[in-house]
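A.B. asks: I would like the atomic coordinates for the input below:
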Amino acid sequence: MNNLDSYILFLRTEKKLSNASISSYKLDIEDFKCFLKKDLIETKKEDIINYINHLRDIMKPKSINRHISSLKGFFNYLVEESIILESPLESISVLKVPKSLPKYLSIEEVDKLLTFPLKTPFDYRNKAMLEVVYATGLRVSS
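C.D. replies: Numbers count the residues shown, from 1 in each chain. This is a model prediction of the structure:
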């Protein structure tokens, strides 16, 4: 069993991650391995920096951060298992993700949302909830 397979087994059995998370981690690490063109345990900090710069041309910072996180987890695992002495990502930090302004409804959209016919008790409840959300400025955060 190679290092990546043992890491995937670790994620599945010890960390109990979902199949989707495990699949994402595996794809990220395999993508890096293709970029690297050498054994993963030979990775140097310069290789990581070159890879991040490569990703900047094709991905947004949030996606790059996921790749960095995947690689950090993998290399930290290799350190814990005494396969390597030090992670090449030791001093690598995630990228800053630019904050975007929240999307909001126009006055017409709010009026349309709050002027539906009230027929059932649920309609009254739903309108009350919408009024509270609108009046207090609550919003969904991601």
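
A.B. asks: Who are the packing partners of the least confident helix or strand in the chain by mean pLDDT?
C.D. replies: Least confident helix or strand, the chain: helix 107-114 with a mean of 88, by mean pLDDT, DSSP states H and E. Applying 3 or more C-beta pairs under 8 Å, 6 or more residues apart in numbering; DSSP states H and E, we find helix 107-114 packed against helix 121-136. In short, each C-beta sits where N, CA and C put it, glycine included.

A.B. asks: what packs against the helix it packs on?
C.D. replies: Looks like helix 121-136 contacts helix 107-114 (3+ C-beta pairs under 8 Å, 6+ apart).

A.B. asks: The helix it packs on to helix 121-136, inter-axis angle?
C.D. replies: Interaxial angle of helix 107-114 relative to helix 121-136 (axes from the mean of the first three to the mean of the last three C-alpha atoms, to 10 degrees): 150 degrees.

A.B. asks: for helix 107-114, the distance to its chain's centre please.
C.D. replies: Chain-centre distance of helix 107-114: 34 Å, with C-alpha atoms, centre = their mean, to the nearest Å.

A.B. asks: which residues touch that helix?
C.D. replies: 105, 127, 130-131, 134 (C-beta atoms under 8 Å, 6 or more residues apart in numbering).

A.B. asks: go on, stretch 81-99?
C.D. replies: With C-beta under 8 Å, 6+ apart as the criterion, stretch 81-99 contacts 3, 6, 41, 43-45, 47-49, 52, 61-62, 64-65, 68-69, 71-72, 75-76, 78-79.

A.B. asks: from the contacts of helix 107-114, which two are the most distant?
C.D. replies: Greatest spatial distance among the contacts of helix 107-114 (C-beta to C-beta): Leu105 and Lys127, at 15.4 Å.

A.B. asks: More neighbours: those two, which one.
C.D. replies: It is Lys127, of Leu105 and Lys127, that has more neighbours when counted by other C-beta atoms under 10 Å, with 15 against 11.
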